[in-house]
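# Turn this into a model:
(one chain, ligands or ions: 2)
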Amino acid sequence: MSTATDERTTARRGKAPAGERLADWADGRLGVYGAAKYGMRKVFPDHWSFLLGEIALFSFIIVLLTGVYLTLFFVPSMAQVEYHGSYVPMQGQLMSEAYASTLDISFDVRGGLLVRQIHHWGALIFVVAIFIHMMRVFFTGAFRKPREINWLFGFTLFILALFTGLTGYSLPDDLLSGTGIRFMEGAILATPVVGTWIQMLLFGGEFPGHDIIPRFFVIHVLLLPGLLLALVVAHLILIVFHKHTHYAGPGKTNTNVVGMPFFPVYMAKAGGFTFIVFGVITLIAGTVTINPVWTIGPYRPETVSTNAQPDWYLGFSEGLVRMMPGWEIVLFGDYTLNLGLLIPLGVFPAMLVVLMLYPFFESWVTKDTREHHIAQRPRNVPTRTAFGMAWLSAYFVALVAGGNDVWAINFNLSINAITWFCRIGFFVLPVLVFFLTRRICLGLQRRDRDKVLHGRETGIIKRLPHGEFIEVHEPLPPAERYKLTAHEQPRPLSLPPAVDENGVERKVGPLEKLRARLSRGYYGEQAQIPKATAEEYREITSGHGHH
Ligand code: HEM
Ligand code: HEM
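Residues are numbered from 1 along each chain as shown. Ligands and ions are numbered 1, 2, ... in the order given. Take a look at the predicted model:
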């Protein structure tokens with residue numbers, strides 16, 4: 001017995017196990033122990049809404065992997081060739097090498113069609129996930145200090161993803177994607193002064209030229225994914241650096257993070273979730289056809305397909321153009337300004353910039369310079385929530401307008417009626433939605449207050465001895481009461497008195513006045529219902545007036 005123990009001790013002293021030696025070797029060169037000690041115990045809070053960023057991350061990885069596979073077979077060339085692949089209806093037709101290679105990927109490359117479909121479905125889900133993730137961050141105020149820069153990083157990711165999608169969609173050079181490129185060319189040409197130059201630079205000559213597909217290819221497989229990857233890494237590093245926000249609850253404060261350690265709990269969960277995301281995307285890609293380019297045909301400039309649509313994420317930019325009347329003005333007798341395109345082209349970035357700058361606007365209005373690590377419930381910040389919903393309503397109206405022909409055909413409606421509905425809706429709906437959302441948020445705040453003070457309605461009706469009917473209310477558990485009352489209710493900014501203590505008139509600039517007004521819009525009496533206080537609760541539950 002003792003001999004065995006001695007042997008083991010000697011073995012350990014003599015030579016460490018291979019794994020340990022490898023780890024030591026790596027640590028000497030990479031400092032992995034320190035990094036692992038820091039990273040492995042990192043706490044990550046748990047909430048379903050935090051999965052949205054993860055879906056974006058995992059679908060991004062899927063799109064990267066499938067993109068590499070497609071790159072092995074795709075030929076980014078606009079040279080015309082005669083098709084002799086295995087898709088019989090296209091035999092002998094003239095088409096670009098790009099289109100022919102997309103047909104080959106779909107019919108002749110092993111697993112090609114599945115990978116193409118995973119790539120396309122993955123791209124759609126990637127952008128959906130980014131969009132909803134961005135909304136989660138917006139509506140919970142997770143963009144507040146210290147996360148403003150990460151909001152900007154994230155926002156840039158969103159824009160890069162839109163353009164990666166646009167360039168990818170254009171690559172197969174089918175009738176749909178060619179129509180999309182034609183649309184883009186028109187928009188570029190409408191840009192005053194520099195439009196023609198940019199068009200020449202990008203297309204290398206008259207439309208369609210021979211350069212656009214090879215150029216989009218490099219942008220799509222190298223430039224944009226490279227930038228996306230670098231920025232995703234920076235985004236994640238900042239998340240680790242700031243630590244994740246968490247929702248209010250007992251024991252969760254602005255100075256701690258409550259959750260599970262990265263290793264093993266979070267890693268196991270995230271690993272499993274990666275496979276679920278991959279599995280679901282593959283299942284959809286394996287069963288639902290997307291972009292069947294062989295039914296659409298190769299692109300020819302003289303042909304235009306009806307129902308031409310961009311993928312959903314760029315639908316709103318197309319909608320802005322379709323909503324706009326075709327106005328033109330002629331300057332100096334011979335220079336035409338195409339307002340029908342120019343105005344939507346200005347509104348498109350403006351809508352995005354408004355969202356991008358919102359965190360800075362809010363911190364300016366509220367003069368809030370503190371750090372925030374508790375995610376807010378949207379109802380507790382009605383003005384921000386209402387603004388977000390108003391933005392979304394404008395976005396969706398534009399999206400509907402982007403598919404006005406599809407709506408008209410499928411629902412047997414007049415395309416003019418839809419266009420007019422969108423034109424009016426684009427201005428009116430956001431205003432209605434803004435006020436409606438604020439009302440709903442205030443209603444929900446009242447309900448929270450009521451629940452804290454009077455408990456949950458149980459639906460049990462009792463008749464008292466003197467004949468009165470009452471509904472039994474069940475008090476909320478303390479943790480629930482805490483959650484509903486943990487939020488701050490700041491006071492609005494107030495302007496200093498018009499004259500100072502020496503009787504000298506104090507000058508208040510118009511900007512300062514505007515800020516005070518906006519601040520009342522955020523924190524004034526109309527914007528928040530006073531939350532239940534401990535005194536109120538004690539008074540109600542002490543017996544007097546309790547029901
Ligand atoms: C992150 C973002 C990406 C998005 C949103 C995206 C999106 C798309 C879309 C929508 C298509 C059209 C697919 C179709 O034919 O139906 C496409 C095609 C393509 N993508 Fe991507 N992609 C991304 C990343 C990549 C990467 C990283 C690569 C390569 C390393 C790549 C390589 C390709 C190739 C070669 C095609 C043309 C082949 C084909 O259309 O079948 N993509 N992409
Ligand atoms: C490629 C796109 C993106 C990826 C892969 C990504 C990934 C992630 C992940 C995994 C998290 C942590 C989990 C979570 O909160 O959901 C996160 C958090 C965050 N993301 Fe993104 N994100 C992307 C785009 C965006 C966009 C478009 C925005 C905003 C405009 C954004 C802003 C943020 C912020 C502020 C946080 C910190 C949230 C907190 O601590 O509560 N991200 N992101």
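# which regions of this protein lie under the pLDDT threshold?
1-13, 305-307, 543-547 (pLDDT under 70).
# Next to ligand 2, which bits of it? Give me the list.
Listed as neighbours of ligand 2 in the chain under the rule C-beta under 6 Å from any ligand atom: 50, 52-54, 56-57, 60, 130, 133-134, 137, 142-143, 147, 150-151, 154-155, 157-158, 232, 235, 239, 244-245, 375. To be clear about C-beta, it is placed using only N, CA and C from the backbone, and glycine gets the same treatment.
# Keep only those of these that are in helices.
52-54, 56-57, 60, 130, 133-134, 137, 150-151, 154-155, 157-158, 232, 235, 239 (DSSP state H).
# Who does the longest strand belonging to the chain pair with, and is each partner parallel or antiparallel?
Secondary structure of the chain per DSSP state E: the longest strand is strand 456-463. Paired strands of strand 456-463, with direction, are strand 469-474 (antiparallel) (DSSP bridges).
# and the strand it pairs with, C-alpha only, in PDB?
Taking Å, rounded to 0.1, in the frame of the first residue of the first chain, the C-alpha atoms of strand 469-474 are listed here in PDB:
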ATOM      1  CA  PHE A 469     -68.700  40.800  -2.300                       C
ATOM      2  CA  ILE A 470     -64.900  41.200  -2.400                       C
ATOM      3  CA  GLU A 471     -62.200  39.700  -4.600                       C
ATOM      4  CA  VAL A 472     -59.400  38.100  -2.600                       C
ATOM      5  CA  HIS A 473     -56.000  39.600  -3.400                       C
ATOM      6  CA  GLU A 474     -52.900  37.600  -2.800                       C
END
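# Show me how far that strand is from its chain's centre.
44 Å (C-alpha atoms, centre = their mean, to the nearest Å).
# and after that strand, which helix or strand comes next?
helix 478-485 (DSSP states H and E).
# can you state the direction angle for that following helix and strand 456-463?
110 degrees (axes from the mean of the first three to the mean of the last three C-alpha atoms, to 10 degrees).
# Next SSE downstream of helix 478-485?
helix 510-523.
# State the separation between the longest strand of the chain and the centre of the chain it belongs to.
42 Å.
# what's the answer for stretch 134-141, then?
9 Å.
# repeat for stretch 520-527
Worked out by C-alpha atoms, centre = their mean, stretch 520-527 lies 28 Å from the chain centre.
# which other residues reach it?
With C-beta atoms under 8 Å, 6 or more residues apart in numbering as the test, stretch 520-527 has contacts from 362, 365-366, 381-384, 438, 442, 489-492.
# neighbouring contacts of the longest strand of the chain?
Under C-beta under 8 Å, 6+ apart, the answer for strand 456-463 is 469, 470, 471, 472, 473, 474, 475, 476.
# Can you get me a residue count around residue 36?
14 (other C-beta atoms under 10 Å).
# From the contacts of strand 456-463, keep the buried residues only.
473, 475, 476 (16 or more other C-beta atoms under 10 Å).
# wait, the second one sits on residue 540?
Right, the one you point to is residue 475. No - if you go by C-beta atoms under 8 Å, residue 475 and residue 540 don't touch, sitting 10.1 Å apart.
# in stretch 230-238, what's buried?
232, 235, 238.
# what sits against the residue of the stretch 251-400 of the chain found nearest ligand 2?
Here the stretch 251-400 of the chain gets closest to ligand 2 at one residue, residue 375, 5.7 Å apart by C-beta to the nearest ligand atom. Residues in contact with residue 375 (C-beta under 8 Å, 6+ apart) are 140, 141, 142, 245, 246, 247, 248.
# These in strands, which ones?
Reading strands off the contacts of residue 375 with DSSP E, I get 246, 247.
# Mind telling me which residue of the stretch 151-300 of the chain is nearest ligand 2?
Closest point on the stretch 151-300 of the chain to ligand 2, by C-beta to the nearest ligand atom, is residue 154, at 2.1 Å.
# Roughly how far does that residue sit from residue 476?
Counting by C-beta to C-beta, to the nearest Å, the gap from residue 154 to residue 476 is 35 Å.
# got it, and residue 83?
69 Å.
# quick check, nearest of the contacts of strand 456-463 to residue 16?
Nearest to residue 16 among those is residue 476, at 56.2 Å by C-beta to C-beta.
# and that closest one, what does it touch?
So residue 476 contacts 451, 452, 455, 456, 484 (C-beta under 8 Å, 6+ apart).
# do the same with residue 101
Per C-beta under 8 Å, 6+ apart, neighbours of residue 101: 73, 74, 75.
# could the contacts of strand 456-463 be laid out in CSV, adding distance to residue 204?
Converted to CSV, the contacts of strand 456-463 look like this (distance: C-beta to C-beta, whole Å):
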residue, distance to residue 204
469, 82
470, 81
471, 75
472, 78
473, 74
474, 73
475, 74
476, 68
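# Widest-spaced pair of those residues?
469 and 476 (22.9 Å).
# List, out of the ones in helices among the residues of the chain next to ligand 2, those positioned next to ligand 1.
Counting by C-beta under 6 Å from any ligand atom, the members of those near ligand 1 are residue 60.
# Does residue 97 touch residue 78 like I think?
Yes - Residue 97 lies in contact with residue 78 (C-beta under 8 Å); the separation is 7.3 Å.
# returning to that earlier point: can you tell me which of the contacts of residue 476 is closest to ligand 1?
Out of those, the member with the shortest distance to ligand 1 (by C-beta to the nearest ligand atom) is residue 484, at 40.3 Å.
# ok, that closest one to residue 356 distance?
From residue 484 to residue 356 the distance is 32 Å (C-beta to C-beta).
# can you check residue 147 too?
For residue 147 relative to residue 356 (C-beta to C-beta), the value is 14 Å.
# more neighbours, those two?
Using other C-beta under 10 Å, the more surrounded residue of residue 147 and residue 356 is residue 147, with 23 against 17.
# Look up how far residue 154 lies from the more buried one.
9 Å.
# can you list residues touching both of the two?
Common contacts of residue 147 and residue 154 (C-beta under 8 Å, 6+ apart): residue 137.
# how close does the closest residue to the residue of the stretch 251-400 of the chain closest to ligand 2 other than its chain neighbours sit to residue 244?
Nearest residue to residue 375 in three dimensions, chain neighbours excluded: residue 140, at 3.9 Å (C-beta to C-beta, 6 or more residues apart in numbering). Counting by C-beta to C-beta, the gap from residue 140 to residue 244 is 11 Å.
# Weed out the non-buried ones from the contacts of residue 375.
Looks like those have 140, 141, 142, 245, 246, 247, 248 buried, using 16+ other C-beta under 10 Å.
# thought the first one was touching residue 49?
Yes - if you go by C-beta under 8 Å, residue 140 and residue 49 touch, sitting 7.4 Å apart.
# re earlier: from the buried residues of stretch 230-238, pick the one nearest residue 529.
Residue 529 lies nearest to residue 238 out of these, by C-beta to C-beta, at 34.9 Å.
# Quick one: residues contacting that closest one.
Residue 238 touches 147, 149, 150, 153, counting by C-beta under 8 Å, 6+ apart.
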